[in-house]
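Student: Got a predicted model here, sequence first, then my questions.
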Amino acid sequence: GSADLECDVVVIGGGPGGYSAAFRAADLGLKVIVVERYATLGGVCLNVGCIPSKALLHVAAVMDEVSHMADLGVDFGAPVVNIDKLRGHKEKVIGKLTGGLAAMAKMRKVTTVRGYANFVGANHLEVEETSGTAQEKTGSKKVIAFKRAIIAAGSQAVRLPFMPNDPRVVDSTGALELKEVPKRMLILGGGIIGLEMGTVYSTLGARLDVVEMMDGLMQGADRDLVKIWQKMNAKRFDNIMLKTKTVSARALPEGIEVTFAPAEEGGTAPAPQVYDLVLQAVGRTPNGKKISAEKAGVAVTDRGFINVDIQMRTNVPHIFAIGDIVGQPMLAHKAVHEAHVAAEVIAGELQGNKELAAAAFNARVIPSVAYTDPEVAWVGLTEDQAKAQGIKVKKGLFPWTASGRAIANGRDEGVTKLLFDDSPEAHGHGKILGGGMVGTHAGDMIGEIALAIEMGADAVDIGKTIHPHPTLGESIGMAAEIAHGSCTDVP
Ligand code: FAD
């Protein structure tokens, strides 16, 4: 035909979804091409998301820890921050990981084509090639013929239409550039991304305000956990504006002036405020409308999402979609698991392997983590969700004030909370339905609770599992014992 390149599978996008799908498909013996407009693989997560934010959050956590140390008898004095060096550290981290991905792609003989991909038919993509750091189009185009396609084009930050076009208004990508530390910073949106970036900037010296439409920060997390997080972080904020929306903003020489309004009728809102930096973190929008999906017959929702079945298949049977573009939660670990399903189904179909072709995404739960200080991590049902759904639960709440390790660390503010099915049908042996933790290293421990849910563990299974002492992870076993030992609430 008229194609410049052909393959078994073409993958649009080189993020965690895209590269994971490409690598799995190649490992299964398929000829794979990845199209990515940026110079490196890794997508949002490695370049401007998960990884650079954690590189900075690690530094912030150490700084905060060191500042506590004077109380424990060792005073390191005031930190001296070299922001250029700090930015350099973050860049190095990204470089190591994206370099690793490039090597892995090469090893697997995955071809990468750099440019913007658009469908031109049900079995053809056109790529407008790009170069440089600004993604300039080079003018040259390539047509790729494919048997199967996986759409992994991801998402981008939502911009509020009334925000002035000004360098003092940034999204998470701009905030990660870490140009300078503002005196007063506004975080628009009290979700994980905003609060993580706020943590970095406030540890470096910024005073924070946060504005959130809903009645609490970190929507989706258990309120018992968020309450503790908020208490521990109170000193970072001048003003936490809940049930408040931002209605306008203008650029003044002295800063960005932002005007607020109550989110509900009858509420009140603070007077306009002037900020040195405004971070827009009000959510992410999928890139579904930017790939000419209609040319391949792939349906895209009004909001730009692409609906898929549990095999990650779109309405067009030979085209699949994964990651942020298929819906919430927009998390890298979800994208990776979906990627493996799509690649396996495709390999199974092309190679006549029925077992592989039957692969499906049926994770019971997907954990979430706010890598703040302390961290907040949760998975499965929360107490509020159980209540709303009329599910009776038995609760095990273990305060870290009873954890030897947490006390030794000087960080006993944490809590581990587990919820077990307490419906009559469970006969007192209900399975774990959800759990969460607030405290240092909570994110590193939540995987155990996810595993317990996936395996259908009950409180005895978890409580009788011997956890090493003294560890923070012990708190999971203790919380289960508490739930098993009593049906009543513990303080
Ligand atoms: P993306 O990573 O968005 O990748 C899509 C890729 O497709 C991009 O590289 C894009 O350039 C490319 N692309 C799009 N359209 C085209 C086209 N037409 N042609 C060619 N290429 C195209 N998740 C976590 O799990 N943990 C975290 O700690 C975490 N922290 C985050 C912090 C921040 C600041 C942000 C913004 C996000 C964070 N996330 C985190 C979310 C995570 O980054 C995403 O869920 C993840 O990157 C989604 O992967 P994806 O493969 O679906 O898409």
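Tutor: Received it, and whenever you're ready, just let me know what you need.

Student: Nearest residue to the residue of the stretch 251-400 of the chain found nearest the ligand in space, please, no chain neighbours.
Tutor: Using C-beta to the nearest ligand atom, the closest approach of the stretch 251-400 of the chain to the ligand is made by residue 323 at 2.1 Å. For glycine as for every other residue, the C-beta is placed from the backbone atoms N, C-alpha and C. Once flanking residues are discounted, residue 323 sits nearest to residue 17: 3.0 Å by C-beta to C-beta, 6 or more residues apart in numbering.

Student: Based on its surroundings, how many neighbours for the one you found?
Tutor: 34 (other C-beta atoms under 10 Å).

Student: That one: which element?
Tutor: Assigned by DSSP states H and E, residue 17 belongs to helix 16-27.

Student: Point out where the protein drops to low pLDDT.
Tutor: Within the chain, the stretches with pLDDT under 70 are 1, 486-491.

Student: what residues does it put near the ligand?
Tutor: 12-18, 35-38, 43-45, 49-50, 53, 116-117, 152-155, 172, 193, 287, 290-291, 323-325, 330-333, 335, 371 (C-beta under 6 Å from any ligand atom).

Student: so where do the helices sit in the chain?
Tutor: Along the chain, counting by DSSP state H, helices occupy 16-27, 43-48, 50-69, 83-107, 172-176, 192-203, 223-233, 332-351, 354-357, 383-388, 404-408, 442-454, 459-463, 474-485.

Student: so of those, which one's packed in deepest?
Tutor: helix 16-27 (a mean of 27; mean count of other C-beta atoms under 10 Å).

Student: Compute the inter-axis angle for that one and helix 50-69.
Tutor: 120 degrees (axes from the mean of the first three to the mean of the last three C-alpha atoms, to 10 degrees).

Student: Name the nearest residue to residue 151, ignoring sequence neighbours.
Tutor: Closest to residue 151 by C-beta to C-beta, 6+ apart is residue 321, at 4.1 Å.

Student: What of residue 382?
Tutor: Spatial nearest neighbour of residue 382, chain neighbours left out: residue 222 (4.4 Å); criterion: C-beta to C-beta, 6+ apart.

Student: try residue 407
Tutor: In space, residue 407 is closest to residue 401, 7.3 Å off (C-beta to C-beta, 6+ apart).

Student: what does residue 301 give?
Tutor: residue 307 (6.7 Å).

Student: contacting residues for that neighbour?
Tutor: The neighbours of residue 307, taking C-beta atoms under 8 Å, 6 or more residues apart in numbering as the test, are 299, 301, 314-315, 326-327.

Student: So what does it have for phi and psi?
Tutor: The phi/psi pair for residue 307 (degrees, to the nearest 10) reads phi -80, psi 140.

Student: Just want the most central residue of the protein.
Tutor: In the chain, the residue lying closest to the centroid (C-alpha atoms, centre = their mean) is residue 331, at 3.9 Å.

Student: any chance of the helices of the chain in CSV, with distance to residue 395 too?
Tutor: Output for the helices of the chain, formatted as CSV (distance: least, C-beta to C-beta, whole Å):
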stretch, distance to residue 395
helix 16-27, 34
helix 43-48, 34
helix 50-69, 29
helix 83-107, 39
helix 172-176, 34
helix 192-203, 24
helix 223-233, 9
helix 332-351, 26
helix 354-357, 40
helix 383-388, 7
helix 404-408, 20
helix 442-454, 14
helix 459-463, 10
helix 474-485, 6
